[in-house]
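[1] the sequence and its predicted three-dimensional model are supplied below.
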Amino acid sequence: MHTELPLSMPQIATYAIAACRRGNTWFISLHGSFLRLATVLLFGIIFSCPPALSIHPEQSPSAATLESADSLLRLGKSNEAITALNAIALSDPSRPSVELRLGKAYYNLKDYPQAATHLKRAIAALPQDWEANQLLALTSYAMGDCAQAVPLMIAVLPHLPEGQADADYMLGICYLRLNDRANARKAIAAIFGVAPDAPMAYLMLAKMMVRQQQESDSVGEIDKALQLDPRLPMAHFLLGEVDLSKSDPAQALVEFQKEIDVNPSVWLVYWRLGDTYLRLQKFDEAEKALKKALWLNDSFTGSYLMLGEVELQRNEPQLARQFLEHAVKLDPQNYYGHYFLGRAYQKLGLKDEAEHQFELQRTLRQDSRTGETQRLGQPPP
């Protein structure tokens, strides 16, 4: 009877291979029967391994193409990505991952109807694909279809990273466009961290309404804010802004003066007050207000521009030159500054310098990308 060997089959196979390499045939003859059995088992293990365990697995062609499309999208090559994705769609038209990527590509190209078509297909296949839902909400917002965008945004909001305010902003704007002011106020209040029934919530709503060119309707919201807090900062200022948009500088003057009574330390109020006096051709009062704006904020171009215009109106071209040279130094791309500086040089008899400024003004105005009428040094809304 043979004594049982204290070796496992893999160990026997390993020792046998090493022995053969060293020429130790005694091991093979001693354990011949076990060796034959171990060899059979070892080769069985090797050849029974499934392909998925291969060290270098091969990708399917569609997976490789999806990765290629993702790379193209990241590089902003949306047309090339669409070509690659359409190739996959021909062989597998029902894949939601392909539809999502096609939606992204068309969204990047601002082809919103096509983007919406593919994103709806992706959502039909996977209703809880929140990325597709979010992108369809953005697409609907871009197309002005707020009725479709609102329910999508509401569904997506709980799944967005905390602190992301863009969705709340778009939701608030959509509610405004749908004339749902109560929900608009709640969404906007959430952005700025104020209670939805607080005076500031009404004022922030009014500010957004002004930006949406709903100036007349915004007055009612400002009045509600002032009813809740008669000394609410910037409420009278916003009423003055609305009055200026209606070309009513006399009433704007009343509101700006009320704002200064409540809130005398904000440079922006003095700048608008100076602007209003300039429109009313009250140049001495305009100069005083604009200098106060400068003393509170000496880095804002608009105050220097308006002071330059005031001095030109008062026939003080040398003073105007000083203010306007500083203005174009602060903001070399502001074509109003170059225009008024050219006028100052004209009054001083500096024809070549004046023509140079006028040429700069024409070039900058032609190159202006917005094409919209600019207000003198107006800060971003």
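    Yes, it's here. Nothing here was measured: the structure is a model prediction, and the numbers come from that model.
[2] can you tell me the average pLDDT over stretch 252-265?
    Averaging the model's pLDDT scores along stretch 252-265 yields 97.
[3] sorry, that was for stretch 137-155
    For stretch 137-155, mean pLDDT rounds to 94.
[4] hmm, who's touching that stretch?
    103, 107, 110, 112-113, 115-116, 119, 133-134, 136, 156, 167, 170-171, 173-175, 177-178 (Cβ atoms under 8 Å, 6 or more residues apart in numbering). Bear in mind the C-beta positions are built from the backbone N, C-alpha and C, glycine included.
[5] and residue 281, helix, strand or coil?
    Three-state assignment for residue 281 (DSSP: H, G, I helix; E, B strand; the rest coil): coil.
[6] tell me, how many residues neighbour it?
    By other Cβ atoms under 10 Å, the residues close to residue 281 number 9.
[7] quick one, grab the pLDDT at the closest residue in space to residue 304 that isn't next to it in sequence.
    Spatially, and ignoring its direct neighbours in sequence, residue 304 is nearest to residue 327 (3.8 Å; Cβ to Cβ, 6 or more residues apart in numbering). Predicted confidence (pLDDT) for residue 327: 96.
[8] ok, residue 381 next?
    Listed pLDDT for residue 381 reads 39.
[9] same thing with residue 191?
    As predicted, residue 191 sits at a pLDDT of 89.
[10] what's the distance between it and residue 129?
    From residue 191 across to residue 129, the span is 26 Å (Cβ to Cβ, to the nearest Å).
[11] which pLDDT value goes with residue 351?
    Looking at residue 351, its pLDDT is 95.
[12] roughly how far does it sit from residue 309?
    Using Cβ to Cβ, residue 351 is found at 21 Å from residue 309.
[13] neighbour-wise, which of these two wins?
    Taking neighbours as other Cβ under 10 Å, residue 351 and residue 309 compare with residue 309 leading, 23 against 10.
[14] these two touch, right, the more buried one and residue 277?
    No: between residue 309 and residue 277 there is no contact under Cβ atoms under 8 Å: 11.6 Å.
[15] using the three-state scheme, assign residue 349.
    Secondary structure, three-state DSSP: residue 349 is coil.
[16] quick one, phi psi at it?
    When read as degrees, to the nearest 10, the backbone of residue 349 gives phi 80, psi 10.
[17] could you count how many residues lie near it?
    For residue 349, the neighbour count with other Cβ under 10 Å is 9.
[18] one more: residue 191?
    Counted with other Cβ under 10 Å, residues neighbouring residue 191 total 16.
[19] now do the most centrally placed residue in the chain against residue 130, distance only.
    By Cα atoms, centre = their mean, the mean C-alpha position of the chain lies nearest to residue 166, the distance being 7.4 Å. Shown here: residue 166 relative to residue 130, a distance of 15 Å by Cβ to Cβ.
[20] isn't residue 114 right up against residue 108?
    No: counting by Cβ under 8 Å, residue 114 does not reach residue 108; the two are 11.2 Å apart.
[21] confidence score at residue 25?
    At residue 25, the model reports a pLDDT of 41.
[22] again, but for the one 3 residues further on
    We have a pLDDT of 37 for residue 28.
[23] circling back to that earlier point, could you tell me which of the contacts of stretch 137-155 count as buried?
    For the contacts of stretch 137-155, a burial check counting by 16 or more other Cβ atoms under 10 Å picks out 103, 107, 112, 115-116, 119, 133-134, 136, 156, 167, 170-171, 173-175, 177.
[24] now for the closest residue to residue 131 other than its chain neighbours: which residues touch it?
    Among residues not flanking residue 131 along the chain, residue 100 sits closest, at 6.7 Å (Cβ to Cβ, 6+ apart). Contact analysis of residue 100 by Cβ under 8 Å, 6+ apart lists 118-119, 122, 129, 131-132, 135.
[25] one more pass at 7 Å, please.
    Listed by Cβ atoms under 7 Å, 6 or more residues apart in numbering, the contact set of residue 100 reads 122, 129, 131-132.
[26] could you dump those into TSV with secondary structure and pLDDT added?
    Putting those into TSV (DSSP: H, G, I helix; E, B strand; the rest coil; pLDDT from 0 to 100) gives the following:
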residue	secondary structure	pLDDT
122	helix	92
129	coil	91
131	helix	91
132	helix	93
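[27] most surrounded residue in the residues you listed?
    Ranked by neighbour count (other Cβ under 10 Å), the contacts of residue 100 have residue 132 at the top, with 27 neighbours.
[28] contacting residues for that one?
    100, 103, 119, 122-123.
[29] switch the cut-off to 10 Å
    Contacts for residue 132 (Cβ atoms under 10 Å, 6 or more residues apart in numbering) come out as 96-97, 99-100, 103-104, 118-126, 152, 156.
[30] could you turn the buried ones of those into a ChimeraX selection?
    A single ChimeraX command is used to select the members of these judged buried by 16+ other Cβ under 10 Å:
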select :96,97,99,100,103,104,118,119,120,121,122,123,152,156
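[31] out of the contacts of residue 132, which are inside helices?
    Among the contacts of residue 132, the members found in helices (DSSP state H) are 96-97, 99-100, 103-104, 118-125, 152, 156.
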